[in-house]
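# Mind looking at a prediction? Sequence and model below.
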Amino acid sequence: MSAEIMQLIFYGGFTVLGWWLRHKGLAAPTNPITPPVITPASTSGHVTEATLLQVLESLLAKLNAAPTPPSKS
């Protein structure tokens, strides 16, 4: 067998082993951790539309800035 076939069998075995362990509940926590839901109310107003617009405008200005020509050494 070539090295490529052995590598595919090796990785395939780990894939099947990982699936089986998750299926049996051995590789995953019993209570999965879920990320918090981010809503405007949960941020306490720290991010406003004006702030977001200001950040986006500054990023756009950086993207539109004329690139400096490369210096010849």
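Okay, I see it.
# could you measure the most centrally placed residue in the chain against Phe10, distance?
Of all residues in the chain, the one closest to the mean position by Cα atoms, centre = their mean is Pro35, 13.7 Å from it. Relative to Phe10, Pro35 is positioned 33 Å away (Cβ to Cβ, to the nearest Å). (Glycine included, C-beta is placed from N, CA and C.)
# host element of Ile5?
Using DSSP states H and E, Ile5 sits in helix 3-24.
# for the record, mean pLDDT for the helix or strand following that helix?
Once the chain leaves helix 3-24, the next helix or strand it forms, by DSSP H and E, is helix 49-64. For helix 49-64, mean pLDDT is 83.
# Now do the buried residues in helix 49-64.
For helix 49-64, burial by neighbour count (16 or more other Cβ atoms under 10 Å) applies to no residue.
# so how far is Gly12 from Leu60?
Computed as Cβ to Cβ, the Leu60 to Gly12 distance reads 46 Å.
# Kindly apply the preceding question to Leu63 instead.
Counting by Cβ to Cβ, the gap from Leu63 to Gly12 is 44 Å.
# re the thing from before, tell me the phi and psi of the residue nearest to the centre of the chain?
Per-residue torsions, Pro35: phi -70, psi 150 (degrees, to the nearest 10).
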